[in-house]
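Colleague: Sequence and predicted structure below; questions after.
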Amino acid sequence: GFYGKFGGAYIPEMLHPNIEELKDNYEQIIATEEFQDQFRSLLKDYVGRPTPLYFASRLSEKYAAKIYLKREDLCHTGAHKVNNTIGQIILAKKLGKKRIIAETGAGQHGVATATVCALMGMDCTVYMGELDIQRQRPNVERMKILGATVVPATSGSKTLKDATNEAMRQWINNPVDTHYIIGSVVGPHPYPEMVARFQSVISEEIKSQLLEKEGRENPDLVIACVGGGSNAAGAFYHYYNTPEVRLIAAEAAGLGVSSGKSAATTALGTMGILHGSKTLLMQTDDGQVVEPHSISAGLDYPGIGPVHAHLFDSGRGEFVAVEDEDAMKAGIELSRLEGIIPAIESAHAFHALNMISFKKDDVIVINLSGRGDKDLDTYIKWGGY
Ligand SMILES: CC/C=C(/N=C/c1c(COP(=O)(O)O)cnc(C)c1O)C(=O)O
């Protein structure tokens, strides 16, 4: 359960039974043909996989490269999060769980969880920071329409970190009949590994689609935004051990890395424990979590998944920090060049094109993690279009 020196399961004693049960069972359950058949057929017929790998010709012209977009925005529910919730809901049923809890920031994971709970007839409670309830209103209402209960997290910065704290607290109090569907590659082992494996369908498809379109499985660069890091973990997964593929992670700089209002964890973080995992997090000298800031709820998180802490520490990954303003402009640019309005989280990955060097005609895959519908209010308030 370690990625270099990061990872592990540093959890309160009372959470041990839940985590042990998961650790002892998940591998053999997902290895069964029954699980795989159900997982793969739901991904195909319910989520709509494989998602297209779309050649963005006008974007490619502008950046003088061959840019493909992996269209996770076209998954059912509008983002990559559902790849993970499908896997975890099948697992939860196999473990005989009756109720599901989840945290959410952008509301996409919340919607993806409410969706699979409706699909499987399971009770669903989603914890969401009060600030995020306001800035991702469409997703709050979607969760309720889907039958989930949305519980506001009112502590701290009232964003993703606080929702995660609340969900963990609830899980400790309701261990036996409840499964906690964590929405990113964060949390105690085995969550980061399990979520990455469910999301790895993204790079599995990229390899075969690129072979078909470019006669090669490996692009020169893969670019993805990183909040906890699940869409990036999925897009990078089958390329980790292929050094000729550059892995570019776009974090949220918020108002700027040195502004005091940022979520650029690899730039500002130090090693510590967050949500049960040893990783990099933004913390004061005495280990208090520093409140993050990002215009995008899904990247507004003071930590990062241990797999990405290791990618950063080992130098295998290239990390850039994209400011709010630049992300919003990138979202508008994609809309005007390719007719796709991206989630603001995903827009951060597009601005990375202006921050890294690459050769003319390099083959670049950008993971378009979600669609922009949920962010209409933020685009309207920003007004720069
Ligand atoms: C699990 C908490 C994160 C959420 N979303 C994060 C997110 C992210 C960042 O999350 P990761 O992929 O896990 O880094 C990227 N793109 C979209 C469209 C997102 O919604 C959520 O609650 O929906």
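Modeller: The structure has been received and is ready for your questions.
Colleague: From here on, just use CA atoms for contacts and neighbour counts.
Modeller: OK.
Colleague: Give me the longest strand you can find in the protein.
Modeller: strand 246-254 (DSSP state E).
Colleague: what residues are up against the residue positioned nearest the centre of the chain?
Modeller: Nearest residue to the geometric centre of the chain (C-alpha atoms, centre = their mean): Ser230, 3.7 Å. When contacts are counted by C-alpha atoms under 8 Å, 6 or more residues apart in numbering, Ser230 is found next to Gly183, Ser184, Val185, Val195, Ala196, Gln199.
Colleague: TSV please, covering those and showing neighbour count and pLDDT.
Modeller: Supplementary listing: the contacts of Ser230 in TSV, determined by neighbours: other C-alpha atoms under 10 Å; pLDDT from 0 to 100:
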residue	neighbour count	pLDDT
Gly183	28	98
Ser184	27	98
Val185	30	98
Val195	27	98
Ala196	25	98
Gln199	28	99
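Colleague: State whether Tyr180 is indeed within a helix.
Modeller: No. The assignment for Tyr180 is strand, going by DSSP: H, G, I helix; E, B strand; the rest coil, so no helix is present there.
Colleague: burial count for it?
Modeller: The number of residues packed around Tyr180, counting by other C-alpha atoms under 10 Å, is 25.
Colleague: same check, this time on Glu21
Modeller: 11.
Colleague: where's it relative to Met14, distance?
Modeller: Glu21 sits 13 Å away from Met14, going by C-alpha to C-alpha, to the nearest Å.
Colleague: Contact residues of the stretch 51-200 of the chain facing the ligand?
Modeller: Taking C-alpha under 6 Å from any ligand atom as the test, the list of the stretch 51-200 of the chain residues beside the ligand reads Ala79, Thr104, Gly105, Ala106, Gly107, Gln108, His109, Gly110, Gly183, Ser184.
Colleague: Return the backbone torsion pair for the nearest residue to the first one once chain neighbours are set aside.
Modeller: Ranked by C-alpha to C-alpha, 6 or more residues apart in numbering and with sequence neighbours excluded, the top spatial neighbour of Ala79 is Gly370, at 4.0 Å. With angles defined as degrees, to the nearest 10, Gly370 sits at phi -160, psi 170.
Colleague: where does Gly370 land on pLDDT?
Modeller: We have a pLDDT of 98 for Gly370.
Colleague: That one against Leu69, yeah?
Modeller: No. Look at Gly370 against Leu69 with C-alpha atoms under 8 Å: they stay out of range, at 11.4 Å.
Colleague: circling back: determine if any part of the helix or strand just after the longest strand of the chain is in contact with the ligand.
Modeller: Toward the C-terminus, strand 246-254 is succeeded by helix 265-268 as the next helix or strand (DSSP states H and E). No. Taking C-alpha under 6 Å from any ligand atom as the criterion, helix 265-268 and the ligand are apart, separated by no less than 11.9 Å.
Colleague: contacts for helix 265-268?
Modeller: By C-alpha under 8 Å, 6+ apart, the surrounding residues in contact with helix 265-268 are Glu251, Val257, Leu280, Leu281, Met282, Pro302, Gly303, Ile304, Ala309, Phe312, Phe319, Ala321.
Colleague: who wins for neighbours among these?
Modeller: Ranked by neighbour count (other C-alpha under 10 Å), the contacts of helix 265-268 have Gly303 at the top, with 34 neighbours.
Colleague: wait, that one sits on Leu274?
Modeller: Yes. Under the contact definition of C-alpha under 8 Å, Gly303 touches Leu274, with a separation of 6.9 Å.
Colleague: so what sits against both of these two?
Modeller: Counting by C-alpha under 8 Å, 6+ apart, the shared contacts of Gly303 and Leu274 are Leu281.
Colleague: Distance from the chain centre to stretch 253-272, please.
Modeller: Mean-position distance between stretch 253-272 and its chain equals 18 Å (C-alpha atoms, centre = their mean, to the nearest Å).
Colleague: So which residues of the stretch 201-350 of the chain form helices?
Modeller: Per DSSP state H, counting those that start in this stretch, the stretch 201-350 of the chain carries helices over the ranges 201-214, 230-236, 265-268, 306-314, 324-338, 344-351.
Colleague: what's the answer for the stretch 51-200 of the chain, then?
Modeller: Using DSSP H, counting those that start in this stretch, the helices found in the stretch 51-200 of the chain span residues 57-63, 81-94, 108-120, 130-135, 137-145, 160-173, 191-199.
Colleague: Output the third one as CSV, nothing but the C-alphas.
Modeller: Just to be clear, that refers to helix 108-120. As requested, C-alpha coordinates have been extracted for helix 108-120 and formatted as CSV (Å, rounded to 0.1, in the frame of the first residue of the first chain):
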residue,chain,number,x,y,z
GLN,A,108,-19.6,15.1,-9.6
HIS,A,109,-18.5,12.3,-7.3
GLY,A,110,-21.7,12.9,-5.3
VAL,A,111,-23.8,12.6,-8.4
ALA,A,112,-21.8,9.5,-9.5
THR,A,113,-22.4,7.9,-6.1
ALA,A,114,-26.1,8.9,-6.0
THR,A,115,-26.4,7.5,-9.5
VAL,A,116,-25.0,4.0,-8.7
CYS,A,117,-27.0,3.9,-5.4
ALA,A,118,-30.2,4.5,-7.4
LEU,A,119,-29.1,1.8,-9.9
MET,A,120,-28.5,-0.7,-7.1
